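Q: Model the following, please.
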Amino acid sequence: MTSLAERLAARTLELVDIPSESGHEAAIRDHLLALVPTTFSAELEGDEAYLFAGERRSDVPLVVLAGHYDTVPAQENLPGRIEDGAVHGLGASDMKGGVAVALELVRDLAARPPGPVDVALLLFGREELPYEHDPLPALLEGSGLVREASLAILLEPTDGLVHAGCLGNVIARLSFHGRSGHSARPWDADNAIAHAVQGLQSILELEHRQALVAGLPFVEVLSVTRVHAGIADNVIPDLATATLNLRYPPDRTPTEAEEHVRSLCPPGATLEIVSHAPAGRVVRDNPLVAALLAAGAGRVEPKQAWTNVADFTAHGIDAVNFGPGHTRFAHRRDEQVEIAALVHAYETIERLLTGAIGEDGG
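A: Next up, the predicted model:
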């Protein structure tokens, strides 16, 4: 009989080997939908988000297992491979390993008598694209079932720990203006690059802000991630643009976060908010989170990134991140997930869903 470790590793590699860069998810979507157990019906589907569940019992809590099946572009890391106790390849950590765990769990549970918790499976794409492409807000608005959830678990990379909350993500375009002219006579021009160098200096020197939210230490950071200027080698540019990326803790409201970014705009420059994904609420006092910890998740840490936890908490649904992926390998050329981590995530969630807490070290 194939062991759990072998099965999870094989499923993860199977998913890794199906290219699914964001915006090109059709092949893996169809593959995954065909693997959902027949006892799970589609409560809502469409626009790259699909929610499945078995027969709902009104007297037991509902847990949603959620995962995205898209990836960042390949970095010569396809096809994948199994080597040295790990599955290597694009998306292995973020987050095809997590999707494999969720899929195998619901397939296994569908073949057993009902436990103390009802389970739903949410599969979605376009997670690696900017927030305006996120398919979950529409699903969360249209689904009645998901609003019954006592807890949603996103199987994002968390190194097998519970990551609560998440940072908000503001993308802004900061423009510096000058006057174009011939590079042989720069005194007749006003170089926008010079304004950008001066104006960005104070932003680059900003110190990180520490914020304690529900006892968890988040770090607010603002980075300059792109700079563009110039149209030719012999033209003094009249425009220079910089992209700012603010990652802010859940202690700021979305309005406060945008006001903070606008306050950094130097005189004479202009600022445009390009994209904004609000922060996710920290969930720690939910009894199912306590049960997840008791089942083997270890401890709670802050999520120092943005995840779809924010989509759920914005709709009043408690959610946390917990998955087998390794945060340090997400989006890397040498992306990988340890097979032991896949087993740990599977067994931890299985103990939560079956009420077997306290068994086998849980």
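
Q: So what's the gap between the helix or strand in which residue 244 is found and the chain middle?
A: Following DSSP states H and E, one finds residue 244 within strand 239-248. Centroid separation for strand 239-248 versus its chain: 21 Å, with CA atoms, centre = their mean, to the nearest Å.

Q: Show me what that strand is packed up against.
A: Here strand 239-248 touches strand 168-177, helix 192-204, strand 216-229, helix 254-263, going by 3 or more CB pairs under 8 Å, 6 or more residues apart in numbering; DSSP states H and E. For glycine as for every other residue, the C-beta is placed from the backbone atoms N, C-alpha and C.

Q: the strands in the stretch 251-362 of the chain, which residues?
A: In the stretch 251-362 of the chain, the strands defined using DSSP state E, counting those that start in this stretch lie at 270-277, 300-302, 319-321, 336-338.

Q: Output these in a markdown table; the columns should cover mean pLDDT.
A: A markdown table is the format used below for the strands of the stretch 251-362 of the chain (pLDDT from 0 to 100):
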| stretch | mean pLDDT |
| --- | --- |
| strand 270-277 | 96 |
| strand 300-302 | 97 |
| strand 319-321 | 98 |
| strand 336-338 | 98 |
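
Q: want to throw these into JSON lines with distance to residue 105 and mean neighbour count?
A: Listed next are those as JSON lines, based on distance: least, CB to CB, whole Å; neighbours: other CB atoms under 10 Å:
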{"stretch": "strand 270-277", "distance to residue 105": "28", "mean neighbour count": "16"}
{"stretch": "strand 300-302", "distance to residue 105": "22", "mean neighbour count": "20"}
{"stretch": "strand 319-321", "distance to residue 105": "16", "mean neighbour count": "29"}
{"stretch": "strand 336-338", "distance to residue 105": "16", "mean neighbour count": "27"}
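
Q: Rebuild those as TSV, extending it with distance to residue 36.
A: As requested, those are exported to TSV (distance: least, CB to CB, whole Å):
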stretch	distance to residue 36
strand 270-277	28
strand 300-302	30
strand 319-321	21
strand 336-338	22
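
Q: Report the buried residues of the strand holding residue 244.
A: For strand 239-248, the neighbour count (16 or more other CB atoms under 10 Å) marks 239, 240, 241, 242, 244, 245, 246, 247, 248 as buried.

Q: angle of it against strand 270-277?
A: Counting by axes from the mean of the first three to the mean of the last three CA atoms, to 10 degrees, strand 239-248 lies at 40 degrees to strand 270-277.

Q: Would you mind identifying the helix or strand in this protein with the lowest mean pLDDT?
A: strand 41-46 (a mean of 82; mean pLDDT, DSSP states H and E).

Q: So what are the sheet partners of it and their directions?
A: The pairing partners recorded for strand 41-46 under DSSP bridges are strand 49-53 (antiparallel).

Q: Let's see the strand it pairs with as CSV, backbone CA atoms only.
A: The C-alpha atoms that make up strand 49-53 are tabulated as CSV, following Å, rounded to 0.1, in the frame of the first residue of the first chain:
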residue,chain,number,x,y,z
ALA,A,49,-13.0,30.3,-7.9
TYR,A,50,-14.8,27.1,-7.0
LEU,A,51,-16.4,26.1,-3.7
PHE,A,52,-17.3,22.4,-3.0
ALA,A,53,-18.9,20.8,0.0
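
Q: Contacts for that strand next, please.
A: The contact list for strand 49-53 (CB atoms under 8 Å, 6 or more residues apart in numbering) reads 29, 33, 36, 40-45, 62, 64, 106, 118-125, 135-136, 138-139, 143, 145-146.

Q: Could you turn the buried ones of those residues into a PyMOL selection?
A: Here is the PyMOL command that selects the buried residues among the contacts of strand 49-53 (16+ other CB under 10 Å):
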select buried, resi 29+36+40+43+44+62+64+106+118+119+120+121+122+123+124+125+135+136+139+143+145+146
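
Q: Just the ones in strands from the contacts of strand 49-53, please.
A: Those of these mapping onto strands are 41-45, 62, 64, 118-124, per DSSP state E.
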